[in-house]
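Asks: Pasting the sequence and the predicted model now:
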Amino acid sequence: MSKLDFKVAVKQEEERLRRLHPTPSDIPGCLSLFDNYLSCSVIRSQIKSIYRYGERPECSPKFEEFKFCMTLKSLHPEERRDAWIRRRAEWWAHRRLKNSSEDIWDIREQPLQSFPQPITDEMMNTGTVD
């Protein structure tokens, strides 16, 4: 189970996205989001997904991103950036809090002692180096 709660994860993601997209011109435009949707819907992507995963790709989230972008058109650029960052932060937070490899493997907080094992001259001479 993740040690994070949703609000903390959203806050962390917002901070990361604000650094990654410092100005309104750094967020994707509606045209690029529509292109992402179309590239998901083309036959090549459909076939590749069926081959790799046994099912068609889920393109509706990409279309929802485009529609969300269109609702932001009347906002000031900085407000548009804030709204986009908030939405993406929530998406990343949901993704981080879902099942992952961390549910199976514990993250090592301290390095292992004496790892890797130092190779000594004796080991080299006897041929016991693994």
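Replies: That came through, no problem.

Asks: doesn't residue 85 make contact with residue 17?
Replies: Yes: Residue 17 is within contact range of residue 85, at 4.6 Å (criterion: Cβ atoms under 8 Å). All C-beta spots, glycine's among them, are computed from the backbone N, C-alpha and C.

Asks: So what's the gap between stretch 45-57 and the chain middle?
Replies: 21 Å (Cα atoms, centre = their mean, to the nearest Å).

Asks: What's the mean pLDDT across it?
Replies: In this model, stretch 45-57 has an average pLDDT of 93.

Asks: Extract the CA atoms of it and return them as PDB.
Replies: Output in PDB follows, covering the C-alpha atoms of stretch 45-57 (Å, rounded to 0.1, in the frame of the first residue of the first chain):
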ATOM      1  CA  SER A  45      -1.800   2.300 -33.600                       C
ATOM      2  CA  GLN A  46      -4.800   0.100 -33.400                       C
ATOM      3  CA  ILE A  47      -3.000  -2.900 -35.000                       C
ATOM      4  CA  LYS A  48       0.100  -2.400 -32.900                       C
ATOM      5  CA  SER A  49      -1.900  -2.300 -29.700                       C
ATOM      6  CA  ILE A  50      -3.900  -5.500 -30.700                       C
ATOM      7  CA  TYR A  51      -0.600  -7.200 -31.400                       C
ATOM      8  CA  ARG A  52       1.100  -6.100 -28.200                       C
ATOM      9  CA  TYR A  53      -1.700  -6.200 -25.700                       C
ATOM     10  CA  GLY A  54      -4.500  -8.100 -27.300                       C
ATOM     11  CA  GLU A  55      -6.900  -5.200 -27.300                       C
ATOM     12  CA  ARG A  56      -7.500  -1.900 -29.000                       C
ATOM     13  CA  PRO A  57      -5.900   1.200 -27.400                       C
END
